[in-house]
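**Q** model this:
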Amino acid sequence: MYCLLMLAMSLFVSADPLERPRAPQYSDDELPSVDVFVPSYNESSDILSLTLAAAKSLDYPQDKLRVYLLDDGGTDEKRLSSDHKTALAAQTRHEELQYLCRDLGVGYLTRPANVHAKAGNLNNGLAHSSGALVVVFDADHAPAREFLRETVGFFKRDPRLFLVQTPHFFSNPDPLEKNLSTFRTMPSENEMFYGTIQKGLDKWNAAFFCGSAAVLRRSALDQVGGFSGVSITEDCETALDLHSRGWNSLYVDRPMVSGLQPETLVSFIGQRSRWCRGMIQILLLKNPAFRSGLTLAQRICYMSSGMFWFFPFVRLVFLASPLLFILFDMKIFDASVDEFVAYSLTYLFAGELLRNYLYGRVRWPWVSDLYEYIQSVYLVRAIMSVLINPRRPTFNVTAKGLTMDRDRLSDLSWPYFVIFGALLLTMGVAIYRYQTEPEIGGMLLVVGTWNLMNLVVAGAALGVVTERMERRQAPRMPSARKGELVVAGATVPVVIEDVSLGGAKVAVLGRLPEAIDREDARLLVWTQDGTRELGSLPVTVKSFGGGEDGLGLGLRFRAGVTHYPLIANLMLADLGPVRAARLARRNRRGILGGSLAFIGWSLAYPLGAFHHLIFDRDAKQPALEADTAPAPAAARPNSANA
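**A** The predicted model follows:
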């Protein structure tokens, strides 16, 4: 019944997604003042430098734009802590970020104590600023120059508009994409939410705040006392409060930020646990079904987004039920083969057809099942903790920007091996009983098929929990910018093929001198139209190789704070190549092709996982290092796809 209810609500939300036209364009004199907030807790200065430099360089009248770093890692509470290490680290961070903000020309704000986590930090920013509109970027969400031009105009047209939300774009893979090697070919998990579901919510005036890459109206926030902090998902809760007051929201499906996803399964599960607990908190403490001021459609949309997070209970029920019959003769599912084909398989096939029709370009067949199974193993405990004490959960920052020097099993991997072993053993028992107990052969065939489907998902999951080596310090973004490399007294034209916070890959169009000093070179960056030089970056030539247009060079930036505005321009002035790569990954895969690919994962990856389990047991786990790359916040739930 849960699955049928969630299917009905998800079809209501997503059946007719809304396509928005471009934002109205106004002259500089007509535009409102804007405050940009970049809340931070423990992110490195390199990540913050790129985001702040990009925010400062937004295409907007500079006399109407103010950028603030909201530092929750340097509060008075932390700097005066009785723990000397904590106090020293906070004081060092406080001073370092003050100098950084001064050099970049942005405001620095902190507060006495870390009260109400991110919501409290944002409210402190509201108390020390005055812009008519407020923009929120996570610390690892560097915005494109066009961001305000593509969003602010909507507020001039609708005086009751409180929110314009844009999608979160991630420049690095999540654990599933990285460990299954699908990042370049398969649509990202967040694409289902931002590419279809948010547009469906927008149709019903229910698109909600996702914590970053959004513009909000200050007067609306003032009406509800600022950002809400009752739950640990302050973004959705704030949107619910404002929708119930009759304010409107809007979604623009145009990626205009670049950030980082959690790279490891530990940080991924931690992030999803926070979302799960926060959304269930909202259901318990501010239930949309009974919230006055909401339309019926808005109630359905919010209930769909909240109730989705009970999927771990359903997943585990579906996982355990075949075992109860095969091992203990408990007839949880009592049907003949004909009934199973007529009802269950028909329902499953029809549901998959609907999912493939609605979400085929943004989600391959059965991938949602894998994402949900991976999360379900650990989220049940998170759900129970909220049900027992809805006000207990606390906000935890998601670790991002991690690297690993070799392949290894995740610290959370052991339950997945236990479940896989139990399903495999049960499969053997089912085969034995089918051969020796013909009187229940039909029932065993049905339940054995059910168990086999679970085993396929569990097999693919062993590939996800095998963490792949990642030594790259910063994810690279595609580019197509012209430039020049100055080396050994010669100036050589190049095309910048991709770029990251740490360096770039260029294709050499001319001829390099025979002898060059690798440590002494400069990359001249030109405007997008190639008409003038913007500036130069000191670089080190790290590698030689093939490029799209001939010789390729790997360059590492030797950059200081003053160079970050130019790096931000190089990475974010034109996200056209990034959007093209995003669209290229939206390739629909049919049910047959998707099913065969999924079965291939379930057959191939367990072998490697068991190899690590057997031979790496005594190996010392490598240290995880904080990276210096720009990174993104989270995508939203991948929808109620029962």
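
**Q** please name the nearest non-neighbouring residue to Gly489.
**A** Pro513 (7.4 Å; CB to CB, 6 or more residues apart in numbering). Glycine gets a C-beta too; all of them are placed from N, C-alpha and C.

**Q** let's verify the one you found: helix, strand, or coil?
**A** coil (DSSP: H, G, I helix; E, B strand; the rest coil).

**Q** buried residues, the lengthiest strand in the chain. List them.
**A** For the chain, the strand reaching the highest residue count under DSSP state E is reported as strand 533-547. Buried residues in strand 533-547, defined by neighbour count with 16 or more other CB atoms under 10 Å: 534-537, 539, 541, 547.

**Q** picking up where we left off before, the residue nearest to Gly489: how many residues sit nearby?
**A** Using other CB atoms under 10 Å, Pro513 has 11 other residues around it.

**Q** quick check: it touching Leu485?
**A** No - the criterion here is CB atoms under 8 Å, and Pro513 misses it with Leu485 at 10.6 Å.

**Q** which SSE is the residue nearest to Thr562 when sequence neighbours are not counted in?
**A** Of all residues not flanking Thr562 in the chain, Asp103 sits nearest, at 6.9 Å (CB to CB, 6+ apart). Assessed by DSSP states H and E, Asp103 sits inside helix 84-104.

**Q** Gln314: neighbour count?
**A** One thing to correct before we go on: residue 314 is Val, not Gln. With other CB under 10 Å as criterion, Val314 counts 15.

**Q** make that His94, sorry
**A** Counted with other CB under 10 Å, His94 comes out at 18.

**Q** list the contacts of it.
**A** By CB atoms under 8 Å, 6 or more residues apart in numbering, the contact list for His94 reads 71, 73-74, 79, 110.

**Q** max pairwise distance over these: which two?
**A** Asp71 and Arg79 (10.9 Å; CB to CB).

**Q** picking that back up, quick check: the farthest pair among the buried residues of strand 533-547?
**A** Maximum distance among the buried residues of strand 533-547 (CB to CB): 23.0 Å, for Gly535 and Gly547.

**Q** any chance of the buried residues of strand 533-547 in JSON lines, plus pLDDT and distance to Ser410?
**A** Below are the buried residues of strand 533-547 laid out as JSON lines (pLDDT from 0 to 100; distance: CB to CB, whole Å):
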{"residue": "Leu534", "pLDDT": "84", "distance to Ser410": "43"}
{"residue": "Gly535", "pLDDT": "86", "distance to Ser410": "42"}
{"residue": "Ser536", "pLDDT": "89", "distance to Ser410": "43"}
{"residue": "Leu537", "pLDDT": "91", "distance to Ser410": "37"}
{"residue": "Val539", "pLDDT": "92", "distance to Ser410": "36"}
{"residue": "Val541", "pLDDT": "89", "distance to Ser410": "36"}
{"residue": "Gly547", "pLDDT": "55", "distance to Ser410": "35"}
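
**Q** a markdown table for the residues you listed, including distance to Ser413?
**A** Formatted as a markdown table, those follow (distance: CB to CB, whole Å):
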| residue | distance to Ser413 |
| --- | --- |
| Leu534 | 47 |
| Gly535 | 47 |
| Ser536 | 47 |
| Leu537 | 41 |
| Val539 | 40 |
| Val541 | 40 |
| Gly547 | 39 |
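
**Q** what's the closest of those to Glu189?
**A** Nearest member of the buried residues of strand 533-547 to Glu189, counting by CB to CB, is Gly547, at 31.4 Å.

**Q** what's around Leu572, how many residues?
**A** 27.

**Q** per-residue pLDDT, the residue lying farthest from the centre of the chain?
**A** Most distant from the centre of the chain: Glu439, at 50.7 Å, with distances by CA atoms, centre = their mean. pLDDT recorded at Glu439 is 88.

**Q** the contacts of His94 in helices, which ones?
**A** Those of those mapping onto helices are Arg79, per DSSP state H.

**Q** possible to save the contacts of His94 as a markdown table with distance to Glu95 and pLDDT?
**A** Below are the contacts of His94 laid out as a markdown table (distance: CB to CB, whole Å; pLDDT from 0 to 100):
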| residue | distance to Glu95 | pLDDT |
| --- | --- | --- |
| Asp71 | 11 | 95 |
| Gly73 | 12 | 92 |
| Gly74 | 8 | 92 |
| Arg79 | 10 | 93 |
| Thr110 | 11 | 96 |
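
**Q** strands - which of the contacts of His94 land there?
**A** Asp71.

**Q** out of the contacts of His94, which is nearest to Pro173?
**A** Gly73 (26.9 Å).

**Q** next up, the contacts around that closest one.
**A** Here Gly73 is in contact with 40-42, 90, 93-94 (CB under 8 Å, 6+ apart).

**Q** at 7 Å instead, please
**A** 40-42, 90, 93 (CB atoms under 7 Å, 6 or more residues apart in numbering).

**Q** please apply the same query to Arg589.
**A** Contact analysis of Arg589 by CB under 7 Å, 6+ apart lists 364-365.

**Q** repeat that for 10 Å
**A** 185-187, 356, 360-361, 363-365, 367, 595-598 (CB atoms under 10 Å, 6 or more residues apart in numbering).

**Q** filter these to the buried ones?
**A** Buried among those by 16+ other CB under 10 Å: 186-187, 356, 360-361, 363-365, 367, 595, 597-598.

**Q** and those, which is closest to Phe308?
**A** For the buried ones among the contacts of Arg589, the nearest to Phe308 is Arg363 (14.3 Å; CB to CB).

**Q** so how many other residues sit close to the residue lying closest to the closest one once chain neighbours are set aside?
**A** Counting by CB to CB, 6+ apart, Arg363 lies nearest to Met192, which is 4.6 Å off, once chain neighbours are set aside. Close neighbours of Met192, defined as other CB under 10 Å, add up to 27.

**Q** over to Pro255?
**A** Pro255: 19 neighbours (other CB under 10 Å).

**Q** that one reaches Met477, doesn't it?
**A** No - under the criterion of CB atoms under 10 Å, Pro255 is not in contact with Met477, lying 11.4 Å apart.
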